[in-house]
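A.B. asks: Give me a model of this one.
(chains A and B)
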Amino acid sequence: MKINLYNSSTKSKELFVPIDPKKVTMYVCGPTVYSFPHIGNARGPVIFDVLANLLRREYQLVYVRNITDLDDKIYQAAEEEGVQISEITQRYTKIYQEDMNALGVRDPDIEPLATDHITEMIKMIQGLIDKSHAYENQGHVFFSIDTFDDYGFLSNRSEEEQISGTRIKPSEIKKNQKDFVLWKPSTGDTPGWESPWGFGRPGWHLECSAMAKKYLGKTLDIHGGGSDLLFPHHENECAQSMCSHSGKPLANYWIHNGMIDFDNVKMSKSEGNLLLIRDLLKQIGPEVIRMAFLTTHYRKPINWNDALITDSEKKLDRLYGSIRKLGKVSPAEPTEEMINALADDINTPKALSELFAIAKRVNNAKSENESKQLASTLVGSANLLGLMNEDAEKWFENIDVDEKLIDRLLNEREAARSDKDFEKADQIRQEIESLGVSIEDGPDGPIWKKQ
RNA sequence: GGCAAGGUGGCAGAGUGGUUAUGCAGCGGCCUGCAAAGCCGUGGACGUCGGUUCGAUUCCGAUCCUUGCCUCCA
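C.D. replies: Purely as a prediction, here's the structure:
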């Protein structure tokens, strides 16, 4: 299997060649745990989950996704609620994990906490100071970007470009205004740790560099995250890590997923249009959300709206519809086309079209044996995307409807139909449909599904 | 202002130098008491203007428009 991936750092699609031919290391920037995750937070995990599924077929994968439990937003949340910081971080870490699992995202192999790695971060800072890539001033330690010629290579920004339109707050204690903080002092109730530069806490970008090094080594195969992290977060990670490790690249392949818009407006805190995973799952099934993500290529923006949800539901209806009535279907090997589509820079839209092609073959199968075999291939292929994990019959049911009432009405209708009283039969159909359920008559009697 | 991505049929959304994307919706047919589902068939597209080419939606240039990043953000 040859995997091609679009590398943000070279802006081109490249053949994926891991450092170790048998093993792949992947680090994905995880959440800052201070509130409920919204659907934007889920797009990356879903995409990297699919990539992980693909990589695990060929390689031994070590997948690290961190938990940022060290951030001023967390302290603020704790203060607002009047609770311990650990209560906030523990609560929202659990909620994040629950929500991701609900979406069928498998846990990463390692999920490290920033607060468990302060020692590693302090060591890294000291190393940077020793190499003159960082300097201390008034209890702060800054990374000196003038000591790193390649600064800006990842996000493709020259120094002049960064100066024009810069929104960095001027600071008198920085040598260069674009220097970023590695360590800052903590005062009052703000948590902190003892360090050679006094009581304080690390800057935002440092944890990823320190934890990636600890668990995966100096150079990763794949580093992923949302496209909004490209600058400054990943650029700064690169600077720290490369200067700490004699210029060794932090990662060979940089993969960034696109953002989610909500009715054409970017979903963000400042817009106040966050759609929480929890709330959404009260209305629609987890696979619908997954399908909505996979409909668009991961690098493009997704415009989230009701039409996308109905569209995604209908797609799943078609897939599950083809294996309905076949009883329990056990997954088989995915098709070559499916694997090739994903190996081509995670082309999920193409992968979905393959799913529909298999579904058509299931529908056209001449024998029950043949349809069962094809159905197994379909489910196995869909599983690679994290879809079709449900029982087909269950998919078409809806827990919100009164099944007993539907069954009673259906029986009445069947009686009317056998009496050839079609007027009454249609009346009952209308009644059932007004409950949000549609009927399909088949050779084995009627079946129903939510509308 | 700088950097980056994109403009594909009614909608969503892949892809390709000349041949069907795919799903939904539409149209015609089969099946059905009717309908649905399914099956068969079918119409409809590549922002605009130039260039390269036997031939461009696909390559090159220009232009218009949209979006993201440059500030916390996935």
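
A.B. asks: Which element, helix or strand, includes residue A:290?
C.D. replies: Residue A:290 belongs to helix A:286-295 when elements are defined using DSSP states H and E.

A.B. asks: what packs against that helix?
C.D. replies: With contacts defined as 3 or more CB pairs under 8 Å, 6 or more residues apart in numbering; DSSP states H and E, the packing partners of helix A:286-295 are helix A:39-58, helix A:277-281, strand A:302-304, helix A:306-323, helix A:348-364. Where you see a C-beta, it was placed from the backbone N, CA and C, and this is true even at glycine.

A.B. asks: ok and it relative to helix A:348-364, angle-wise?
C.D. replies: Between the direction of helix A:286-295 and that of helix A:348-364, the angle (axes from the mean of the first three to the mean of the last three CA atoms, to 10 degrees) works out to 120 degrees.

A.B. asks: Domains of chain A: list them as residue ranges, please.
C.D. replies: With automatic domain parsing as the criterion, the domains of chain A are listed as A:4-257, A:268-396, A:403-450.

A.B. asks: on that earlier part again, same question for the helix holding residue A:290: list its buried residues.
C.D. replies: Buried residues in helix A:286-295, counted by 16 or more other CB atoms under 10 Å: A:286, A:287, A:288, A:289, A:290, A:291, A:292, A:293, A:294.

A.B. asks: quick one: the fifth one and residue A:102 touch, right?
C.D. replies: In other words, residue A:290. No: in terms of CB atoms under 8 Å, residue A:290 does not count as a neighbour of residue A:102; the distance is 10.4 Å.

A.B. asks: ok so, going back, comparing the domains of chain A by mean pLDDT, which bottoms out?
C.D. replies: The weakest mean pLDDT among the domains of chain A belongs to domain A:403-450, with a mean of 79.

A.B. asks: That domain and RNA strand B, are they touching?
C.D. replies: Yes: for a cut-off given as CB under 7 Å from any atom of the strand, domain A:403-450 has contacts with RNA strand B, namely A:417, A:422, A:425, A:426, A:429, A:438, A:439, A:440, A:441, A:442.

A.B. asks: tally of neighbours for the fourth one?
C.D. replies: So the one you mean is residue A:426. Using other CB atoms under 10 Å, residue A:426 has 13 neighbouring residues.

A.B. asks: Tell me the span between the first and last residue of stretch A:189-205.
C.D. replies: 22 Å (CA to CA, to the nearest Å).

A.B. asks: how about the strand or helix carrying residue A:415: buried residues?
C.D. replies: When secondary structure is defined by DSSP H and E, residue A:415 falls within helix A:403-418. If you call a residue buried by 16+ other CB under 10 Å, then helix A:403-418 has these buried ones: A:406, A:409, A:410, A:412, A:413, A:416, A:417.

A.B. asks: export these to CSV and tack on distance to residue A:42?
C.D. replies: Conversion of those to CSV gives the following (distance: CB to CB, whole Å):
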residue, distance to residue A:42
A:406, 33
A:409, 38
A:410, 38
A:412, 44
A:413, 42
A:416, 47
A:417, 46
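
A.B. asks: picking that back up, which members of the residues of domain A:403-450 next to RNA strand B are positioned in strands?
C.D. replies: Using DSSP state E, the subset of the residues of domain A:403-450 next to RNA strand B located in strands is A:438, A:439, A:440, A:441, A:442.

A.B. asks: which residues sit in contact with the residue nearest to residue A:234 when sequence neighbours are not counted?
C.D. replies: Excluding the flanking residues, the one nearest residue A:234 by CB to CB, 6 or more residues apart in numbering is residue A:154, at 5.9 Å. Contacts for residue A:154 (CB atoms under 8 Å, 6 or more residues apart in numbering) come out as A:8, A:9, A:230, A:231, A:234, A:235, A:238, A:254.

A.B. asks: Leaving out sequence neighbours, find the closest residue to residue A:251.
C.D. replies: Spatial nearest neighbour of residue A:251, chain neighbours left out: residue A:223 (3.6 Å); criterion: CB to CB, 6+ apart.

A.B. asks: can you confirm the one you found is in a strand?
C.D. replies: Yes: note on residue A:223: a strand contains this position according to DSSP: H, G, I helix; E, B strand; the rest coil.

A.B. asks: Test my guess that it contacts residue A:254.
C.D. replies: Yes: counting by CB under 8 Å, residue A:223 sits close enough to residue A:254 to count as a contact (5.5 Å).

A.B. asks: Do a quick rundown of the strands in the stretch 151-300 of chain A.
C.D. replies: Taking DSSP state E, counting those that start in this stretch as the criterion, the stretch 151-300 of chain A carries its strands at A:180-185, A:200-202, A:220-226, A:251-257, A:260-262, A:265-266.

A.B. asks: And for residue A:358, nearest residue in space, chain neighbours not counted?
C.D. replies: In space, and not counting its chain neighbours, residue A:358 is closest to residue A:378: 4.4 Å by CB to CB, 6+ apart.

A.B. asks: Quick check: which element contains that neighbour?
C.D. replies: Residue A:378 is part of helix A:368-384, with elements assigned from DSSP H and E.

A.B. asks: Pull out the buried residues from the next helix-or-strand element following that helix.
C.D. replies: Following helix A:368-384 in sequence order, the next helix or strand is helix A:392-396 (DSSP H and E). Of the residues in helix A:392-396, A:392, A:395, A:396 count as buried by neighbour count, 16+ other CB under 10 Å.

A.B. asks: Name the member of the ones in strands among the residues of domain A:403-450 next to RNA strand B with the most neighbours.
C.D. replies: Of all those, the highest neighbour tally under other CB under 10 Å goes to residue A:439, namely 18 neighbours.

A.B. asks: returning to what we had before: so which of the ones in strands among the residues of domain A:403-450 next to RNA strand B is the closest to residue A:448?
C.D. replies: The shortest distance between residue A:448 and any of those, using CB to CB, involves residue A:439 and amounts to 5.1 Å.
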